[in-house]
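K.L.:
Sharing a model that was predicted from the sequence below.
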Amino acid sequence: MTVDHPSDYRERWESVLPFQIHLTSYKINDTYYCDVDNVDPGAVIVRTKGLVRDEVELKALMRAKERLEFSRLRYEKKI
Amino acid sequence: MATNYAHPEALVDTEWVSQHRADPTIRLVEVDVDTHAYNEAHIPGAVGWNWQTQLSDQVRRDLVSKSDLEKLLGNSGISNSTTIILYGDNNNWFAAWAFWQLKIYGHQDVRIINGGRKKWIKEGREVTTDVPTVSGKTYTAKEPDHSLRAYVKEVSSISNDSSSLVDVRSADEYSGKVLSPPGLPETCQRGGHVPGAFNIPWGKNVNDDGTFKSFDDLRTIYEPLGITSNKNVIAYCRIGERSSLTWFVLKYLLGYTKVKNYDGSWTEWGNLVNAPVTQEVQP
């Protein structure tokens, strides 16, 4: 059985107005993973992976913005 | 686990799992909101269950059937005497949902890893992508225990004198400002909540590291609102998984005996014709 230990665990928060998002990233083997949740209520809305943490987090952030766009319009009563 | 929870045996901590994960009398099961998370990495020896395809009826909106659950458990190497250790992402949302279903079908020994997948990963504990080879077992489920599940008729007739309704969604879902958690699909026609429901978001039950709050801290969340152990309590959310976590807290950590999960939740209520809905903010 191939076993590894996750490392480089990091959490940070960003604003994608009007929402907050929470990025969690860590490394398993040679791959970085990033999960983005919507803080309130905390559902994971995006998951990305890659070899470089900054790129993985950036990709996750961009996808989160896309996913949150409809919710933003709803929140701001534009739809 | 040294706590004063009503049923401390329903929880295990990550260190206990590290020491016991190879014990043949236990079966680790990961159940995630994100059904791909298991493939990314999981605790060695854990099997993965997909809540969408394996813990739900595939034709109508309902729980998995008794016969399908028996097959799932048997194929997972679980017999009636196996200790099932559940964990998952999003602070165990769907692990709690699986726990609730397993109790409905009468499994005796089910436990949840306190802190779930998040805590395991954060602590840098062993993970693998290897799927374990398990020997099939024969499993016989009990007839479903409907005392753990609330249906729409019961929610409609709830009286605040002897009962409490707990809406565990976010404040914005409760007030109808949004129809779903940000970034997730909308599954209802109307926003708001069931009149009389208290808004106690699921996240109030847990600490930053994903572990459950202490018995005393949990009591101070519910009791001041009159949500006490002598009442019939029904928890709901959007589709029933977040409310499973609150159901678990009330029943197994605080020891309330009359708690039900309304898994129809807002996806059912928010689509009902002529159902009472309010958007008032909780005082």
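P.N.:
Arrived safely, thanks for sending.
K.L.:
Which parts of chain B are helices?
P.N.:
Taking DSSP state H to define them, one finds helices in chain B at B:14-20, B:37-40, B:66-75, B:89-104, B:116-122, B:152-156, B:171-174, B:215-222, B:242-248, B:265-269.
K.L.:
Out of the ones you listed, which is closest to chain A?
P.N.:
helix B:116-122 (4.7 Å; C-beta to the nearest C-beta). Yep, even glycine has a C-beta here, placed from its N, CA and C like the rest.
K.L.:
which ones are touching the residue lying closest to B:I26 once chain neighbours are set aside?
P.N.:
Once flanking residues are discounted, B:I26 sits nearest to B:T83: 4.4 Å by C-beta to C-beta, 6 or more residues apart in numbering or on different chains. By C-beta atoms under 8 Å, 6 or more residues apart in numbering or on different chains, the contact set of B:T83 is B:25-27, B:109-111.
K.L.:
Swap in 6 Å and give it another go.
P.N.:
By C-beta atoms under 6 Å, 6 or more residues apart in numbering or on different chains, B:T83 lies in contact with B:25-26, B:109.
K.L.:
which of those residues are buried?
P.N.:
Among the contacts of B:T83, the ones that count as buried by 16 or more other C-beta atoms under 10 Å in any protein chain shown are B:I26.
K.L.:
Which single one of the contacts of B:T83 is nearest to chain A?
P.N.:
Minimum distance to chain A across those is 17.1 Å, recorded for B:I26 (C-beta to the nearest C-beta).
K.L.:
any chance of the helices of chain B in TSV, with mean neighbour count, distance to chain A and mean pLDDT too?
P.N.:
Shown next, in TSV, are those (neighbours: other C-beta atoms under 10 Å in any protein chain shown; distance: least, C-beta to the nearest C-beta, whole Å; pLDDT from 0 to 100):
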stretch	mean neighbour count	distance to chain A	mean pLDDT
helix B:14-20	15	12	98
helix B:37-40	19	6	93
helix B:66-75	17	20	98
helix B:89-104	26	6	96
helix B:116-122	24	5	97
helix B:152-156	14	20	95
helix B:171-174	22	7	95
helix B:215-222	15	16	98
helix B:242-248	29	7	98
helix B:265-269	24	12	97
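K.L.:
what about the residue of chain A found nearest chain B, how many neighbours?
P.N.:
Residue of chain A nearest chain B, by C-beta to the nearest C-beta: A:I45 (3.6 Å). Applying other C-beta atoms under 10 Å in any protein chain shown, we find 23 residues neighbouring A:I45.
K.L.:
In space, what's closest to A:E76 - neighbours in sequence excluded?
P.N.:
Distance criterion C-beta to C-beta, 6+ apart; nearest residue to A:E76, sequence neighbours excluded, is A:P18 at 7.2 Å.
K.L.:
Distance check, the residue lying farthest from the centre of chain A against B:T129.
P.N.:
Here chain A reaches farthest from its C-alpha mean at A:M1, the gap being 29.4 Å by C-alpha atoms, centre = their mean. For A:M1, the distance to B:T129 (C-beta to C-beta, to the nearest Å) stands at 10 Å.
K.L.:
got it, and B:S163?
P.N.:
Applying C-beta to C-beta to B:S163 and B:T129 gives a distance of 46 Å.
K.L.:
who's in contact with the residue of chain B found nearest chain A?
P.N.:
As assessed by C-beta to the nearest C-beta, chain A sits closest to B:G183 within chain B, at 3.6 Å. Taking C-beta under 6 Å, 6+ apart, we find B:G183 in contact with A:38, A:45, A:67-68, A:71.
K.L.:
nearest to B:F212, of these?
P.N.:
A:N38 (21.5 Å; C-beta to C-beta).
K.L.:
how many neighbours does that closest one have?
P.N.:
24.
K.L.:
Pretty sure it sits against B:S180.
P.N.:
No. Contact criterion C-beta atoms under 6 Å: A:N38 and B:S180 do not qualify, at 10.1 Å.
K.L.:
can you give me the strands for the stretch 101-250 of chain B?
P.N.:
Assigned by DSSP state E, counting those that start in this stretch, the stretch 101-250 of chain B shows strands spanning B:110-113, B:163-167, B:198-199, B:232-236.
K.L.:
what's next to the last one, contact-wise?
P.N.:
Read that as strand B:232-236. The contact list for strand B:232-236, computed with C-beta under 6 Å, 6+ apart, reads B:150, B:163-166, B:168, B:243, B:246-247, B:250, B:258-262, B:265.
K.L.:
One more: the second one?
P.N.:
When contacts are defined by C-beta under 6 Å, 6+ apart, strand B:163-167 is touched by residues B:158, B:174, B:193-194, B:196-200, B:227, B:231-235.
K.L.:
partners of that strand, with directions?
P.N.:
Strand B:163-167 has the following strand partners under DSSP bridges: strand B:198-199 (parallel), strand B:232-236 (parallel).
K.L.:
what's the angle between that strand and helix B:215-222?
P.N.:
Angle of strand B:163-167 versus helix B:215-222, following axes from the mean of the first three to the mean of the last three C-alpha atoms, to 10 degrees, is 100 degrees.
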